[in-house]
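[1] quick one: sequence plus predicted model below, questions after.
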Amino acid sequence: MLLKNQVTISFLSISENVAFARVTTAAFASQLEFTINDLEEIKVAVSEAVANAIVHGYNNAEDKMITIEVKLYGNKLEIAVIDEGTGIPDIKQALQPSFSTDPERMGLGFVFMQSFMDKLKINSVPGKGTKVIMIKNCNSSIKMAQ
Amino acid sequence: MLLKNQVTISFLSISENVAFARVTTAAFASQLEFTINDLEEIKVAVSEAVANAIVHGYNNAEDKMITIEVKLYGNKLEIAVIDEGTGIPDIKQALQPSFSTDPERMGLGFVFMQSFMDKLKINSVPGKGTKVIMIKNCNSSIKMAQ
Amino acid sequence: VGEIRRFLRDDNPVKVSRSVKEIAYKVQQTKERLIGKLGREPSIGEVAEEIGLSKEEVVIALEAAQSPTSIYETLHQ
Ligand SMILES: Nc1ncnc2c1ncn2[C@@H]1O[C@H](COP(=O)(O)OP(=O)(O)O)[C@@H](O)[C@H]1O
Ligand SMILES: Nc1ncnc2c1ncn2[C@@H]1O[C@H](COP(=O)(O)OP(=O)(O)O)[C@@H](O)[C@H]1O
Ligand SMILES: [Mg+2]
Ligand SMILES: [Mg+2]
């Protein structure tokens, strides 16, 4: 499908930037015909992926970089959240509801990403980093009504 | 001065992205103690610089990239808007109020940037591109009032 | 330059800055009205057009007027 627009955002791995990343991605995604509710779901998914990069990928080190690539196709949004951190040794296990390597966390981040987006792909190499790709389709009922 | 936070945003040179660039930069800048009025001024300055990159730098070609680097220091915001377009042969002339190479434009973009920001620097190489750097200090009265 | 700054401060169409709370309230109202009219959820673009702001501006206002979205932040407040 034709790429209509794209943006790449790189920022420091500090927790203040979770909100920035979420709202920036939603602002860009608003160029497609998403509803407010869709955008809220996108924000949650991005927050979870960026929080994971900070907390798990970089173990809360504040001097690392996180990159988000957002691509808009005709009626499809693709978001990639990329870190160069620890990586995930067992992706299947990581995706399991309530699995977490941190006993104080709920292990629901990937569950949220999966339920709010239409597709979730994870590329990860231990010691190299993680790329989380999420795709959300644009509600076709709005398109058809126009 | 100590760099507190930074973001780099790269996007396609299409006019839809002017609003995105403006709002995103202001959202990031809001991590400093700017007033709403300051943020509105920052938005105007960024809009003008990005519009220039699209219209003058790239002659409205829609497949080029524009990069914005935003840096937050203790009480200072630095914004760089970068294109790899035509460049500006005579910067002094370009800065003149109401000078424009396009007879249909007002030639006030740089005037706006200069009046809304505390500092404006332009690096430009004809045939290579332009980097517009703008600095705005954070109104210390808010800091003191807190 | 000082004069221009003053002129623009007093009289700049770009700066009809409404507070984010005001915008967020307006967005909610407009959304409800459009649901009634269209029989479905409006897109962000339809809402933005109705209240005369850019889509991006509406997204930012909604974010600013809102409590945290992520469980991460909710847990780490
Ligand atoms: N970017 C990442 N880098 C390294 N490990 C990650 C990353 N994202 C997720 N993980 C691993 O996957 C697990 C599950 O993630 P998630 O579902 O978000 O739950 P939680 O963050 O609550 O642990 C994490 O506990 C962590 O071990
Ligand atoms: N990014 C750029 N690349 C090439 N030329 C530029 C760029 N920005 C500004 N210029 C030149 O400087 C002139 C003045 O810019 P400006 O003050 O914004 O006025 P206007 O955009 O109305 O022409 C432009 O007409 C153009 O010739
Ligand atoms: Mg998580
Ligand atoms: Mg201009």
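    In hand now; what should we look at? Numbers count the residues shown, from 1 in each chain, chains lettered A, B, ... in the order given. Ligands and ions are numbered 1, 2, ... in the order given.
[2] just checking, next helix/strand downstream of the host helix or strand of residue A:92?
    Using DSSP states H and E, residue A:92 maps to helix A:91-95. For helix A:91-95, the succeeding helix or strand toward the C-terminus, using DSSP H and E, is helix A:109-116.
[3] report the longest helix in chain A, please.
    Across chain A, the helix with the greatest residue count (assigned by DSSP state H) is helix A:36-52.
[4] could you list every helix and strand in contact with that helix?
    Packing contacts for helix A:36-52, counted by 3 or more C-beta pairs under 8 Å, 6 or more residues apart in numbering or on different chains; DSSP states H and E, involve helix A:16-29, strand A:65-73, strand A:76-83, helix A:109-116, strand A:129-137, helix C:44-51, helix C:55-64, helix C:71-75. Bear in mind the C-beta positions are built from the backbone N, C-alpha and C, glycine included.
[5] lowest-confidence stretch among those?
    Least confident of the helices and strands packed on helix A:36-52, judged by mean pLDDT, is helix C:71-75 with a mean of 47.
[6] show me which helix runs longest in chain C.
    helix C:20-38.
[7] quick one: name the residues of chain A near chain B.
    Neighbours of chain B within chain A, by C-beta under 8 Å from any C-beta of the partner chain: A:5-12, A:14, A:16-17, A:20, A:23-24, A:27-28, A:31.
[8] got the helices and strands packed on helix A:36-52 as JSON lines, with mean neighbour count and distance to ligand 2 columns?
    Shown next, in JSON lines, are the helices and strands packed on helix A:36-52 (neighbours: other C-beta atoms under 10 Å in any protein chain shown; distance: least, C-beta to the nearest ligand atom, whole Å):
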{"stretch": "helix A:16-29", "mean neighbour count": "25", "distance to ligand 2": "22"}
{"stretch": "strand A:65-73", "mean neighbour count": "20", "distance to ligand 2": "24"}
{"stretch": "strand A:76-83", "mean neighbour count": "22", "distance to ligand 2": "29"}
{"stretch": "helix A:109-116", "mean neighbour count": "19", "distance to ligand 2": "38"}
{"stretch": "strand A:129-137", "mean neighbour count": "20", "distance to ligand 2": "33"}
{"stretch": "helix C:44-51", "mean neighbour count": "20", "distance to ligand 2": "26"}
{"stretch": "helix C:55-64", "mean neighbour count": "24", "distance to ligand 2": "22"}
{"stretch": "helix C:71-75", "mean neighbour count": "15", "distance to ligand 2": "38"}
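[9] for ligand 1, find the nearest of these.
    Smallest distance to ligand 1 across the helices and strands packed on helix A:36-52 (C-beta to the nearest ligand atom): 2.1 Å, for helix A:109-116.
[10] what element comes up after the closest one heading to the C-terminus?
    Once the chain leaves helix A:109-116, the next helix or strand it forms, by DSSP H and E, is strand A:119-125.
[11] who are the packing partners of that next one?
    Under the contact definition 3+ C-beta pairs under 8 Å, 6+ apart, strand A:119-125 sits against helix A:91-95, helix A:109-116, strand A:129-137.
[12] what residues does that strand touch?
    A:87-88, A:91, A:94-95, A:110, A:113-114, A:130-135 (C-beta atoms under 8 Å, 6 or more residues apart in numbering or on different chains).
[13] swap the cut-off to 7 Å and go again
    Strand A:119-125 has contacts (C-beta atoms under 7 Å, 6 or more residues apart in numbering or on different chains) with A:87, A:88, A:91, A:113, A:114, A:130, A:131, A:132, A:133, A:134, A:135.
[14] just the CA coordinates of that strand, formatted as PDB?
    Provided in PDB are the C-alpha atoms of strand A:119-125 (Å, rounded to 0.1, in the frame of the first residue of the first chain):
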ATOM      1  CA  LYS A 119      -1.100  -6.500  14.700                       C
ATOM      2  CA  LEU A 120       2.000  -6.800  16.900                       C
ATOM      3  CA  LYS A 121       5.400  -8.000  15.800                       C
ATOM      4  CA  ILE A 122       8.500  -8.100  17.900                       C
ATOM      5  CA  ASN A 123      12.100  -8.400  16.600                       C
ATOM      6  CA  SER A 124      14.600  -8.700  19.400                       C
ATOM      7  CA  VAL A 125      18.200  -9.700  19.700                       C
END
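[15] how about it: buried residues?
    By neighbour count with 16 or more other C-beta atoms under 10 Å in any protein chain shown, strand A:119-125 contains the buried residues A:120, A:122, A:124.
[16] stretch A:130-139 vs ligand 1: in contact?
    Yes. Remark: stretch A:130-139 sits within contact range of ligand 1 at residue A:130, by C-beta under 6 Å from any ligand atom.
[17] can I get the CA coordinates of that stretch in PDB?
    In PDB, the C-alpha atoms belonging to stretch A:130-139 read as follows (Å, rounded to 0.1, in the frame of the first residue of the first chain):
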ATOM      1  CA  THR A 130      14.300  -4.600  20.500                       C
ATOM      2  CA  LYS A 131      11.900  -3.400  17.800                       C
ATOM      3  CA  VAL A 132       8.200  -3.500  18.500                       C
ATOM      4  CA  ILE A 133       6.000  -3.000  15.400                       C
ATOM      5  CA  MET A 134       2.300  -2.300  15.800                       C
ATOM      6  CA  ILE A 135      -0.300  -1.900  13.100                       C
ATOM      7  CA  LYS A 136      -3.700  -0.400  13.400                       C
ATOM      8  CA  ASN A 137      -6.300  -0.200  10.600                       C
ATOM      9  CA  CYS A 138      -8.400   2.800  10.200                       C
ATOM     10  CA  ASN A 139     -12.100   2.300  10.900                       C
END
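[18] what residues does that stretch touch?
    Contacts for stretch A:130-139 (C-beta under 7 Å, 6+ apart): A:32-35, A:38, A:42, A:45, A:49, A:57, A:75-83, A:85, A:87-88, A:113, A:117-124.
[19] which residues touch the spatially closest residue to residue A:4 that is not a sequence neighbour?
    Spatial nearest neighbour of residue A:4, excluding adjacent residues (C-beta to C-beta, 6 or more residues apart in numbering or on different chains): residue A:72 at 4.7 Å. Residue A:72 makes contact with A:4, A:5, A:6, A:31, A:32 under the criterion C-beta under 7 Å, 6+ apart.
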